[in-house]
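> I'll drop the sequence and a predicted model, then ask my questions.
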Amino acid sequence: MPYNLPSNYQPRLTPEYFHDTLTDSTYWQRDVYRAAQLLAHRAGIKRIVDIGCGTGGKLIPLAGEFAVCGIDYGDNIKQCTEVLRTGEWYDVNLESEVVPKDIFRGSITIAADIIEHLKHPDNLIKTLRNASETAAYVLVSTPDRERLYNGEQLGPPDNLAHTMEWSLDELEDWFISEILPVRWAGWTISFDKQPDKVNTSLIVLSNTNKKVEMPITFQPAPHWRNRTVFANSNLLKVWMTPTPSEAGRDSTNSINQIVMRVDKYLPDYGVQLVEQPDNAQVHAGHAGQGSQAPLDVAHYHGLYPTAQGSENFAVNAAVIRNLKTARIITAPSEWIADVIRRDMHVNPRVIGWGVDTEEWQPLAEHQNYVIWNKARVDDVANPQVMLELAARAHDVLFLTTFGVGTPNVKTVGRQIYLEMKEMVRNAAVYLSSNVETFGIGTLEAMSAGVPVLAFRQSNTDRLVEHGVTGFLAELGDMEGLYEGLQYCLKHRKRLGENAREVAKQYTWQRVAQQFANVYFDVMKMKNDVRPHRIEPTSYLTIT
């Protein structure tokens, strides 16, 4: 089989023409367009070219900022030329034609989910080669066959409009054999409404030798992760669960976010995260994750409350197993560390989380809504307080991921990271009504200059200073929470500016350095063969 597919792969010989008429088509591959926009900003590019643009639904929203150019054929491009009032449009059938390189000059070029539709992608390869010579960057996406079907699938594709589908490894190896300048390879989500499914392969082509920095929500292939450090055998190898590859599959999860962030900076402090435990000198696990074997480091995030009954006993049991067997325990706040000190007589290392303040910049103008943005609903994360507050503050709009209430409550559902970031940055007030072992979402809002409204509880009481960076009502005091909302709206500018200054103290570099110190301390323990050794800083004496 040509095109670097398995020899026994069966393509679809007569694929259907893809009519870009889906009502939710703009939700597909939007991450690829966001990445193109980001790369354009960094490179000072003012032109976007879209190969396989369909009816232009994802390209036109960029037309206010960029000159846009779309390439397709048949009914799709006909609609672009007849209906759309802006942009350049080219009718090109890539089964038989090659797009000349001058069309791509000075652009960021996108080829999002087009290659799988072609019976003979040779002309697309030639087109991509032309684009690579004159465009700053070329972004090529297509479904990853192995991730899409959760294993091997030898065709034909389930999608009747697809001819062939590749795994990322197959696609990258093929591109390299075609002398295409691959500068980054990895995965991103296919569909904004399914942010936990990271099954689209993405390859970035460019003739520039600069390192391609993709957004943190894009999962690099293992061999593209921290490429400059892989040749350094002196780095301490740590197997952390979830691994970076696992974490990249769902960036809406806070633990996954932490792993992706520290993975970026740990090499600066002599540590490299690896994907397999056999390759590691230190084993570390977040919450209850890891193997049945004892861990060296337990990164503790708290336990689910079970006094009133819970379905999370098994989850808690896995967390406790890691705590009991670890050489060192870390905790994200003094509030949660106190539980370990009291119940296990162990003194954990307190390492709070961080925020990228360059990424979470304040906006010049905000929209007048309160946001509550938990990514799940359970015993810990519950929208009830938000709904009660919205019923009192009926003249204020509330934006929420979950919960249905009064007419001033708009429920948007779970969102991908980049979409939620913009929602938080545009908010007038950030509502943190639940128990937080640290509060990454709270810290992100503070970095964006959004004051925090919360109850005086858990680590929020330490992260937010009452009357300075937000408002803290006494636990359960709904009237006080309502008064706090009015206070935050009235004093938003001062509170937001103060909150951002506090957030600047919490960097991911600091977190990575403290993690590295823990891992090197573990190595000292493992190398110390003295019998019956007890670390004086790890155990508490109760008198």
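Right, received. Where do you want to start? Please read these numbers as outputs of a predicted model, since none were measured by experiment.
> mind exporting the longest helix along the chain as PDB, just the C-alpha atoms?
Looking across the chain with DSSP state H, the single longest helix is helix 508-527. Extracted in PDB, the C-alpha atoms of helix 508-527 (Å, rounded to 0.1, in the frame of the first residue of the first chain):
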ATOM      1  CA  TRP A 508       5.100  27.200  36.900                       C
ATOM      2  CA  GLN A 509       8.900  27.500  36.900                       C
ATOM      3  CA  ARG A 510       8.800  27.700  40.700                       C
ATOM      4  CA  VAL A 511       6.600  24.600  40.800                       C
ATOM      5  CA  ALA A 512       9.000  22.700  38.500                       C
ATOM      6  CA  GLN A 513      12.000  23.700  40.600                       C
ATOM      7  CA  GLN A 514      10.300  22.500  43.800                       C
ATOM      8  CA  PHE A 515       9.300  19.300  42.200                       C
ATOM      9  CA  ALA A 516      12.800  18.800  41.000                       C
ATOM     10  CA  ASN A 517      14.100  19.300  44.600                       C
ATOM     11  CA  VAL A 518      11.800  16.600  45.800                       C
ATOM     12  CA  TYR A 519      12.900  14.100  43.200                       C
ATOM     13  CA  PHE A 520      16.600  14.700  43.900                       C
ATOM     14  CA  ASP A 521      15.900  14.300  47.600                       C
ATOM     15  CA  VAL A 522      14.300  11.000  46.900                       C
ATOM     16  CA  MET A 523      17.400   9.900  45.100                       C
ATOM     17  CA  LYS A 524      19.500  10.800  48.100                       C
ATOM     18  CA  MET A 525      17.200   8.600  50.200                       C
ATOM     19  CA  LYS A 526      17.400   5.700  47.800                       C
ATOM     20  CA  ASN A 527      21.200   6.000  47.700                       C
END
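> quick one: buried residues of it?
For helix 508-527, the neighbour count (16 or more other CB atoms under 10 Å) marks 508, 511-516, 518-519, 521-522 as buried. C-beta coordinates here come from the backbone N, C-alpha and C atoms, glycine included.
> repeat that for stretch 271-282.
Of all the residues in stretch 271-282, those buried under the rule 16+ other CB under 10 Å are 271-274, 280-282.
> endpoints of it, how far apart?
Using CA to CA, to the nearest Å, one end of stretch 271-282 lies 10 Å from the other.
> residue boundaries of the strands in the stretch 151-300 of the chain?
182-188, 200-205, 219-220, 236-241, 271-274, 282-286, 297-299 (DSSP state E, counting those that start in this stretch).
> in a markdown table, list those strands along with mean pLDDT.
Converted to a markdown table, the strands of the stretch 151-300 of the chain look like this (pLDDT from 0 to 100):
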| stretch | mean pLDDT |
| --- | --- |
| strand 182-188 | 93 |
| strand 200-205 | 95 |
| strand 219-220 | 86 |
| strand 236-241 | 94 |
| strand 271-274 | 91 |
| strand 282-286 | 96 |
| strand 297-299 | 96 |
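> which one of those lies closest to residue 375?
For residue 375, the closest of those is strand 282-286, at 16.0 Å, according to CB to CB.
> what's the longest helix of the chain packed up against?
Helices and strands touching helix 508-527, by 3 or more CB pairs under 8 Å, 6 or more residues apart in numbering; DSSP states H and E, are strand 236-241, helix 254-265, strand 271-274, strand 282-286, strand 297-299, strand 328-331.
> highest mean neighbour count out of those?
strand 297-299 (a mean of 28; mean count of other CB atoms under 10 Å).
> export only the CA atoms of stretch 63-70, formatted as PDB.
What follows is stretch 63-70 as a C-alpha-only set of coordinates in PDB (Å, rounded to 0.1, in the frame of the first residue of the first chain):
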ATOM      1  CA  ALA A  63     -11.400  37.900   8.200                       C
ATOM      2  CA  GLY A  64     -11.700  40.800  10.600                       C
ATOM      3  CA  GLU A  65      -8.100  40.500  11.600                       C
ATOM      4  CA  PHE A  66      -6.400  38.800   8.600                       C
ATOM      5  CA  ALA A  67      -6.600  38.700   4.800                       C
ATOM      6  CA  VAL A  68      -8.200  35.300   4.100                       C
ATOM      7  CA  CYS A  69      -7.800  33.000   1.200                       C
ATOM      8  CA  GLY A  70      -9.800  29.700   0.700                       C
END
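> quick one: contacts of that stretch?
In this structure, residues lying in contact with stretch 63-70 by CB atoms under 8 Å, 6 or more residues apart in numbering are 37, 40, 45-50, 53, 56, 59-60, 62, 77, 80, 86-90, 103, 107.
> recalculate using a threshold of 10 Å.
Stretch 63-70 is contacted by residues 36-37, 40-41, 45-56, 58-62, 76-77, 80-81, 84-90, 103-104, 106-110 when judged by CB atoms under 10 Å, 6 or more residues apart in numbering.
> burial check on residue 74, number of neighbours?
Residue 74 sits with 13 neighbouring residues when counted by other CB atoms under 10 Å.
> isn't it up against residue 17?
Yes. Under the criterion of CB atoms under 10 Å, residue 74 makes contact with residue 17 at 6.2 Å.
> what about residue 316, is that helix, strand or coil?
Classification of residue 316 using DSSP: H, G, I helix; E, B strand; the rest coil returns helix.
> can you tell me the closest non-neighbouring residue to it?
Excluding the flanking residues, the one nearest residue 316 by CB to CB, 6 or more residues apart in numbering is residue 303, at 5.0 Å.
> ok so, going back, could the buried residues of helix 508-527 be laid out in JSON lines, adding pLDDT and distance to residue 470?
Listed next are the buried residues of helix 508-527 as JSON lines, based on pLDDT from 0 to 100; distance: CB to CB, whole Å:
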{"residue": "508", "pLDDT": "96", "distance to residue 470": "22"}
{"residue": "511", "pLDDT": "97", "distance to residue 470": "23"}
{"residue": "512", "pLDDT": "96", "distance to residue 470": "27"}
{"residue": "513", "pLDDT": "96", "distance to residue 470": "28"}
{"residue": "514", "pLDDT": "97", "distance to residue 470": "26"}
{"residue": "515", "pLDDT": "97", "distance to residue 470": "28"}
{"residue": "516", "pLDDT": "96", "distance to residue 470": "32"}
{"residue": "518", "pLDDT": "97", "distance to residue 470": "31"}
{"residue": "519", "pLDDT": "97", "distance to residue 470": "35"}
{"residue": "521", "pLDDT": "95", "distance to residue 470": "35"}
{"residue": "522", "pLDDT": "96", "distance to residue 470": "37"}
